[in-house]
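Enquirer: Predicted model follows, preceded by the sequence.
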Amino acid sequence: MGAFEYVLITEELARAWMSVASIIARGNGLGGGFTAAQRREYLPRMARGEFLGAAALSEPDAGSDLANVSCKATRDGDGWMLNGTKTWCTFADGADFISVLARTKQPSDPRRRHEGISQFLVLKERGKFPPGLTDRRFARSATSAGRRGAALRQFQAAGGRVARPRARGPRRGQGILRRRQRA
């Protein structure tokens, strides 16, 4: 199926029920940014529907401006510590992992805000959040139009060491570029 057919099918599904359309879109681009070892480990399980994901991109003060992300990731031994708030995370409670966009360093120039942003793969158990992440479901009034069937979550990473999040791919600091290349 080509890109046109993919968009056409997703659009038609969204006309009837946005939550159903989000199911087909959920896997879009999740294979990007992985190392070869991560692709071998995760992609077959994703294709079989055994390893479901969610994306944590938006923030209260950044919205959809991904270059304005303020959630920070700092090295902590062999892992990373996440600090910040993520909003509009569809299906985060039912996912096996969350792909989190976080800042690993400040940009070298204010005009290059996209620098220093990395993607992290946070593995989790379905129905639970790992230590260091607290979550809440948005109230019904905060759900976006037509998305009543998709649980929207907000979570806070407050200085807790997240259970060994894995950087996605070999190029730390280029997470936003990989997301743009897939758009």
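Expert: That came through fine.
Enquirer: Now the helix ranked longest in the chain: buried residues?
Expert: Counting by DSSP state H, the longest helix found in the chain is helix 3-16. Residues 10, 13-14 are the ones in helix 3-16 that count as buried (16 or more other CB atoms under 10 Å). Quick note: C-beta positions are derived from backbone N, CA and C, even for glycine.
Enquirer: And for stretch 85-102?
Expert: Applying 16+ other CB under 10 Å to stretch 85-102 flags 85-93, 95-102 as buried.
Enquirer: show me where pLDDT drops low in the chain?
Expert: By pLDDT under 70, the low-scoring segments of the chain are 1, 22-33, 137-152, 158-183.
Enquirer: Tell me the secondary structure at residue 84.
Expert: strand (DSSP: H, G, I helix; E, B strand; the rest coil).
Enquirer: hey, what's it bridged with?
Expert: Beta-bridge partners for residue 84, by DSSP bridges, are residue 157.
Enquirer: for it, what are its contacts?
Expert: Applying CB atoms under 8 Å, 6 or more residues apart in numbering, one finds that residue 84 lies in contact with 59, 70-72, 102, 156-157.
Enquirer: what separates it from residue 66, distance-wise?
Expert: 13 Å (CB to CB, to the nearest Å).
Enquirer: likewise residue 98?
Expert: For residue 98 relative to residue 66 (CB to CB), the value is 16 Å.
Enquirer: ok, back up a step: and of the buried residues of helix 3-16, the nearest to residue 42?
Expert: Among the buried residues of helix 3-16, residue 10 lies closest to residue 42 (CB to CB), at 22.7 Å.
Enquirer: Pretty sure that closest one sits against residue 20.
Expert: No. Using CB atoms under 8 Å, residue 10 makes no contact with residue 20, being 9.6 Å away.
Enquirer: circling back: write a ChimeraX command that selects only the buried members of the contacts of residue 84.
Expert: Buried residues among these (16+ other CB under 10 Å), as a ChimeraX selection:
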select :59,71,72,102,156,157
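Enquirer: Residue 47: which of the contacts of residue 84 is nearest?
Expert: Nearest member of the contacts of residue 84 to residue 47, counting by CB to CB, is residue 102, at 26.8 Å.
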